[in-house]
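J.: Show me the folded form of this:
(chains A and B)
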Amino acid sequence: MASPIEQFQVKPIIPIINFTNSSLFMIGSAALIVGGLLLATRNRSLIPGRAQSVAEILHDFVATTLTDTAGREGMKFFPFVFSLFMFVLTANLLGMMPGFFTVTSQIVVTFALALLVIGTVVIYGFVKHGFHFLGLFVPSGVPKWLLPFIVVIEIISFLSRPISLSLRLFANMLAGHIALKVFGGFVVSLGAAGIGFALLTPLPLLMAVAITALEFLVAGVQAYVFTVLTCIYLNDALHPGH
Amino acid sequence: MADPTQRNGEDERKPSGSDDADLSARLSSLNARITKASAQRAEAEPRDRPTSDSSAIGQAFRLTAEFISGVLAGGVIGWLVDHQFGSSPWGLIVCLLLGFCAGMLNLLRAAGVVKTARSDDKQ
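T.: Numbering: from 1, shown residues only, chains lettered A, B, ... in the order given. Sure thing, here's the model as predicted:
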């Protein structure tokens, strides 16, 4: 039986330029997003067709999420947030195809995305607000003697954000794909273990089907959660020290 | 399902070339509808939140990540401090403990137990 972790191995496809299956699926998701959206918005009409409706729903969904959390000024980050959402969603969903590589199950990828978010927050925060941005770390209404302690904790809490952001997406995708593989493996090994055990094979098979459905849900939800948290962090950059 | 209020809100910002009264009347009625719709959404929001990711495993993953990341961040900072100032192992010990506190803070904030004045208790 194949190891459940084998699916996460990064294998070189073109070794000379270090082009791996991970790079292939990253480029694939990006190409799919750009191609799909270009195709959907090719004949723009007032009454949208099916493809255009999908594109508009995606746009409105992200725009609503962004304005709900970060307010109207948040819309200047719309291209960034929309790209993030689409990339994570497409990579998650592509990973659900049997035999495909899941880009977001690599902590390197999710951590790089999270660093991008936090980097944007920090740079924009300092450019926009200067040292007032540091007010983010000083909560109001704290006793004086406790303040240095709290500030250090707040700083660590802030630094832990990219970690939690990346860890959550990574862990969800990893755990889901391992669970799928394990239940798939159960079907095979029970079937091979003799007639008595073979009668039990429908049980893990049903479980695998259920987990597949759950994984599609998780793929969407995690992309959404990633986006919402991005919006919340961007909100901190836009309005620090509330 | 496309949210019509959003797009209309953007149209409204665009300056229109002709300033006739009919258009401005329509805009103001639209504005009233937008404020009504967004007010409705705002009040629907808090009740929606817990149910939207109510799946217990999702919640568990979320809270776990919040806590672990706090401790990890503390550990990394402690290690860096030790590496920089040769204060091993005190930097690691102190920063791990502080990281534990930060993780707890993250956890309580994510669970909505601690309400600070900060904006991130919205999550």
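
J.: what about the longest helix that chain A contains, near chain B?
T.: The residue-count maximum for a helix in chain A (DSSP state H) belongs to helix A:147-192. Yes: for helix A:147-192, a contact with chain B is found by CB under 8 Å from any CB of the partner chain, at A:152-154, A:156-157, A:159-161, A:163-164, A:167-168, A:171-172, A:175. From N, CA and C alone the C-beta is placed, and that goes for glycine too.

J.: Return the member of these nearest to A:Ala237.
T.: For these, the residue nearest A:Ala237 by CB to CB is A:Arg161; the value is 11.8 Å.

J.: pLDDT weak spots in chain B?
T.: Judged by pLDDT under 70, chain B has its weakly predicted residues at B:1-19, B:41-55, B:57-58, B:115-123.

J.: Can you show me the helices along it?
T.: Assigned by DSSP H, the helices in chain B fall at B:4-13, B:21-52, B:56-85, B:90-110.

J.: can the third one be found next to chain A?
T.: Yes: using CB under 8 Å from any CB as the criterion, contacts between helix B:56-85 and chain A involve B:58, B:61-62, B:64-66, B:68-70, B:72-74, B:77.

J.: does A:Glu56 really touch A:Pro48, like I thought?
T.: Yes: with contacts counted by CB atoms under 8 Å, A:Glu56 reaches A:Pro48, the gap being 5.8 Å.

J.: elements contacting whatever helix or strand A:Ile57 lives in?
T.: Remark: A:Ile57 resides in helix A:50-70, with elements defined by DSSP states H and E. Using 3 or more CB pairs under 8 Å, 6 or more residues apart in numbering or on different chains; DSSP states H and E as the contact test, the elements touching helix A:50-70 are helix A:21-40, helix A:78-95, helix A:202-238, helix B:4-13.

J.: Of those, which is nearest A:Gly135?
T.: Taking CB to CB as the measure, the helices and strands packed on helix A:50-70 were each checked against A:Gly135, and helix A:202-238 came out nearest at 10.5 Å.

J.: Report all helices and strands that that closest one contacts.
T.: Secondary-structure packing of helix A:202-238 (3+ CB pairs under 8 Å, 6+ apart): helix A:50-70, helix A:78-95, helix A:107-129, helix A:147-192, helix B:56-85.

J.: residue contacts, A:Leu190?
T.: The neighbours of A:Leu190, taking CB atoms under 8 Å, 6 or more residues apart in numbering or on different chains as the test, are A:197-198, A:200-201, A:204.

J.: A:Leu167 contacts A:Ser160, doesn't it?
T.: No: between A:Leu167 and A:Ser160 there is no contact under CB under 8 Å: 9.4 Å.
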